[in-house]
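*Asks:* I would like to see how this sequence folds:
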Amino acid sequence: MVALEAEEAGNIPILDLRKLPPSQVTSLARLFDELEREARRIGGADTRVKLKTLDKTIRLIDDLTSEILGLTEEDMKEIRNIVELMMNRRVERTKEARPESIGGEQPRVRPPDRRGRGLEDRLTPPLGRWS
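*Replies:* Have a look, this model is predicted:
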């Protein structure tokens, strides 16, 4: 299970683009533009196959980011494992679950029969019956 404690979150290195040399900002922007173009070309990133197609560009972004942040190859390996786990979870959630497989969800209700009287009308006696 992936968990992030508040103390650990404070130690996560964050890129401050204002402090980067223009060449690195340009390189990152170019890579993210390439990732967006490729994702649009293949219709998104909602399946494992599509994510595999984007993997090369994602790795280039990861490599440049790790170089900027000074992360080791061991750090990057651990980060990639966590990211892969999170991507797999995201892809699994894109499939619609059956209502009965989700705890607390009620079964689907059929819409009322439009051809005739609905169930409620059949259960309630007409008012003219009592006169």
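*Asks:* And the helices in this structure, which stretches?
*Replies:* Applying DSSP state H to the chain gives helices spanning 6-9, 22-42, 48-69, 73-93, 119-123.
*Asks:* In JSON lines: the ones you listed, plus distance to residue 15, mean neighbour count and mean pLDDT.
*Replies:* No exception for glycine: its C-beta is placed from N, CA and C like everyone else's. Below are the helices of the chain laid out as JSON lines (distance: least, C-beta to C-beta, whole Å; neighbours: other C-beta atoms under 10 Å; pLDDT from 0 to 100):
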{"stretch": "helix 6-9", "distance to residue 15": "16", "mean neighbour count": "8", "mean pLDDT": "72"}
{"stretch": "helix 22-42", "distance to residue 15": "8", "mean neighbour count": "13", "mean pLDDT": "94"}
{"stretch": "helix 48-69", "distance to residue 15": "6", "mean neighbour count": "14", "mean pLDDT": "91"}
{"stretch": "helix 73-93", "distance to residue 15": "14", "mean neighbour count": "12", "mean pLDDT": "86"}
{"stretch": "helix 119-123", "distance to residue 15": "60", "mean neighbour count": "10", "mean pLDDT": "61"}
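*Asks:* I'd like these as CSV, with distance to residue 16 appended.
*Replies:* CSV is the format used below for the helices of the chain (distance: least, C-beta to C-beta, whole Å):
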stretch, distance to residue 16
helix 6-9, 17
helix 22-42, 11
helix 48-69, 10
helix 73-93, 19
helix 119-123, 63
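*Asks:* Can you give me the pLDDT of residue 19?
*Replies:* Reported pLDDT at residue 19 in the predicted model: 91.
*Asks:* give me every residue that touches it.
*Replies:* Shown in contact with residue 19 (C-beta atoms under 8 Å, 6 or more residues apart in numbering): no residues.
*Asks:* Can you give me the distance of it to residue 68?
*Replies:* 10 Å (C-beta to C-beta, to the nearest Å).
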